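J.: requesting a structural model of the entry that follows:
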Amino acid sequence: MAKKPEILKHRWLVPLALMLLAAAPAPDFSAQLAGPAKLLDAGHPAEALVPLDALLAAAELPVERGQVQALRSFALAQLQRIPEAHQAIEAAAASIESPSMTVLRQLFLLRAFDGDVPGAADTVLLIAASDAKALETLPTPVLVEVMRSLHKDDGRAFDVDYALDAAGWQPADATLGEIDGLRLRLIMGLLRRDRLDDAGPVVARLISPASLARIGIDRRFQPLWPAIEARLGPGADIADAAFVGATKARFDAAPTSLIARLGYAEALNIASRE
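T.: Below you'll find the model as predicted:
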């Protein structure tokens, strides 16, 4: 996946540094971390690195080193020193017995931004296993790009698609096309694994009439055709109405969202053509 240094100015990598202090092993060490953490939250990463580097050199316990490395990763990321930030968060995750979601989120982002797509995908699976709802807190454009970049790694791509679908992943800033795309990939993956029965419930969750029609003309899914035809209805009227209803609900929930507005407009346009 191509590196995009400019994206690091986005809020995705703004640290919630004080959250990382909760797992510090001793009050004295927490106090030492508080200063650089406040510098980070105030937007002074270069100044924060000086005491953090000194603390890293002096820390003896693995959990202490992990806490320092986590904060260093945020500082280095703010400075757009991505390979170093990536190394720091890897060290932090390895040193902390139960990394917080803040650490796992940072691990996902820095693996993705540093081109470690398989590692980013593995982090998605780790988050899915520990707190599936937290998947929706991952920045959707980054997660979609990771999924897109996994096309040559069928096994890992299938595992990520399966985990996201099982978690009911559908964040507000994901388009219905992206959500349906995930399900279509998962359906095809299940078919390749001779798991057509497992594909049925996923087909039932498809939203777009176009997605249903795509499965409905593929002879490999012939056992599912009766259910698909019932979903589509005459002239796809039933599917169109459901599609418009789903996009309208997203629009009503966030009327100022450009994604929600465009999705609703697209659904109305498709329904009017059909």
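J.: which strands and helices sit next to the host helix or strand of A34?
T.: Taking DSSP states H and E as the definition, one finds A34 inside helix 27-41. Packing contacts for helix 27-41, counted by 3 or more C-beta pairs under 8 Å, 6 or more residues apart in numbering; DSSP states H and E, involve helix 45-58, helix 62-78. C-betas here are computed from N, CA, C, even on glycine.
J.: buried stuff in the least confident helix or strand in the chain by mean pLDDT?
T.: Lowest mean confidence among the helices and strands of the chain (mean pLDDT, DSSP states H and E): helix 258-273, at a mean of 82. Residues of helix 258-273 classed as buried by neighbour count (16 or more other C-beta atoms under 10 Å): I259, A260, G263, Y264, E266, A267, I270, A271.
J.: over to stretch 116-126?
T.: Residues of stretch 116-126 classed as buried: D116, V117, G119, A120, A121, D122, T123, V124, L126 (neighbour count, 16+ other C-beta under 10 Å).
J.: how about stretch 106-117, which residues are buried there?
T.: Neighbour counts using 16+ other C-beta under 10 Å place Q106, L107, F108, L109, L110, R111, A112, F113, D114, D116, V117 of stretch 106-117 among the buried residues.
J.: same question for stretch 32-52.
T.: Within stretch 32-52, the residues scored as buried using 16+ other C-beta under 10 Å are Q32, L33, P36, A37, L39, L40, D41, P45, A48, L49, P51, L52.
J.: want to throw those residues into CSV with distance to D153?
T.: Shown next, in CSV, are those (distance: C-beta to C-beta, whole Å):
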residue, distance to D153
Q32, 42
L33, 38
P36, 38
A37, 37
L39, 39
L40, 34
D41, 37
P45, 34
A48, 36
L49, 35
P51, 40
L52, 35
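J.: ok, the closest residue to I228 other than its chain neighbours - how many residues close by?
T.: Ranked by C-beta to C-beta, 6 or more residues apart in numbering and with sequence neighbours excluded, the top spatial neighbour of I228 is G216, at 4.4 Å. G216: 20 surrounding residues under other C-beta atoms under 10 Å.
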